[in-house]
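Asks: fold the following.
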Amino acid sequence: GGNAPFIVFEDADLEKALDGIISCKFRQSGQTCICANRIFVHKDIYDEYAQKLTERIQKTIHLGDRFEKNVTHGPLINADAVEKVSELVDNAKEKGARVLTGGSTAIDLGPLFYRPTVLVDVDDSMDIFHTEIFGPVAALIKFETTVEVLEMAIATDVGLAGYLYTNNIRKAYDTASKLEVGMVGINTGAISDSALPFGGVKNSGCGKEGSKFG
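Replies: Residues are numbered from 1 along each chain as shown. Prediction:
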């Protein structure tokens, strides 16, 4: 597991950060170990980013049978996955999170479908802040300072991947060096490549994949 942080600073290119979260959070409906899990967005752009992400999801993600034309996303892997995602979202809602889109199963499509979801006003009182979701739920957490977001980002016992978006090169490298993860994507949501070592730190594993060259 990874519980990957995805940080969007106030000076980020929002369109790139939206592209990144769509590919990084919703690939395989959120069911990969390097999917973004906790999405930290600076307070100055939080509302705009949340609204644009909601619009992007509603426009570009279509659930159904992947053999059908125009369908982009299929079901979750099993009933346990659907139950886990549902419980995490329900817990967040009970503790004050708001749903901008999704937030429920799509039973009309089948028993294993969960609607792509955007949650706002997420905080560390909610289970979804601490638990890797492994489902199509974008949990947005507001932050104000770099120190604050780093404290939240590393407050986990796993560290596989991390992502950050900024146009400040000094901030990018300083943040990347402090994220306590094995792999960092800077202004990109795609970090896997056969030429790059793959692995994590903390309880995300020891060492790197990629033969001796890893």
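Asks: next, Met152: phi, psi?
Replies: The phi and psi values for Met152, taken as degrees, to the nearest 10, are phi -70, psi -40.
Asks: again, but for Ile169
Replies: In terms of degrees, to the nearest 10, the main-chain angles of Ile169 are phi -60, psi -40.
Asks: ranges for the strands of this structure?
Replies: 4-8, 36-42, 98-101, 117-120, 137-143, 158-159, 161-165, 183-186, 201-202 (DSSP state E).
Asks: need the ones you listed in JSON lines (columns: mean pLDDT).
Replies: JSON lines is the format used below for the strands of the chain (pLDDT from 0 to 100):
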{"stretch": "strand 4-8", "mean pLDDT": "98"}
{"stretch": "strand 36-42", "mean pLDDT": "97"}
{"stretch": "strand 98-101", "mean pLDDT": "98"}
{"stretch": "strand 117-120", "mean pLDDT": "98"}
{"stretch": "strand 137-143", "mean pLDDT": "98"}
{"stretch": "strand 158-159", "mean pLDDT": "96"}
{"stretch": "strand 161-165", "mean pLDDT": "97"}
{"stretch": "strand 183-186", "mean pLDDT": "96"}
{"stretch": "strand 201-202", "mean pLDDT": "94"}
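Asks: out of the ones you listed, which is closest to Gly20?
Replies: With CB to CB as the criterion, Gly20 lies closest to strand 161-165 of the strands of the chain, at 6.6 Å. The way it works is simple: take the backbone N, C-alpha and C, and place the C-beta from them, glycine included.
Asks: give the partner strands of that closest one in its sheet and their orientations.
Replies: In the sheet, strand 161-165 lines up against strand 4-8 (parallel), strand 183-186 (parallel) (DSSP bridges).
Asks: run through who's touching that strand.
Replies: With contacts defined as CB atoms under 8 Å, 6 or more residues apart in numbering, strand 161-165 is touched by 2, 4-9, 12-13, 16-17, 20, 24, 33-34, 36, 153, 172, 175-176, 179, 181-189, 191, 200.
Asks: so which residue is dead centre in this structure?
Replies: With distances taken as CA atoms, centre = their mean, Ala36 lies nearest the centre of the chain, 2.4 Å away.
Asks: just confirm that one contacts Ala4, I think it does.
Replies: Yes - at 5.3 Å, Ala36 and Ala4 qualify as touching, with contact defined as CB atoms under 8 Å.
Asks: got JSON lines for the strands of the chain, with distance to Ala195 too?
Replies: Listed next are the strands of the chain as JSON lines, based on distance: least, CB to CB, whole Å:
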{"stretch": "strand 4-8", "distance to Ala195": "21"}
{"stretch": "strand 36-42", "distance to Ala195": "22"}
{"stretch": "strand 98-101", "distance to Ala195": "37"}
{"stretch": "strand 117-120", "distance to Ala195": "34"}
{"stretch": "strand 137-143", "distance to Ala195": "29"}
{"stretch": "strand 158-159", "distance to Ala195": "22"}
{"stretch": "strand 161-165", "distance to Ala195": "17"}
{"stretch": "strand 183-186", "distance to Ala195": "13"}
{"stretch": "strand 201-202", "distance to Ala195": "21"}
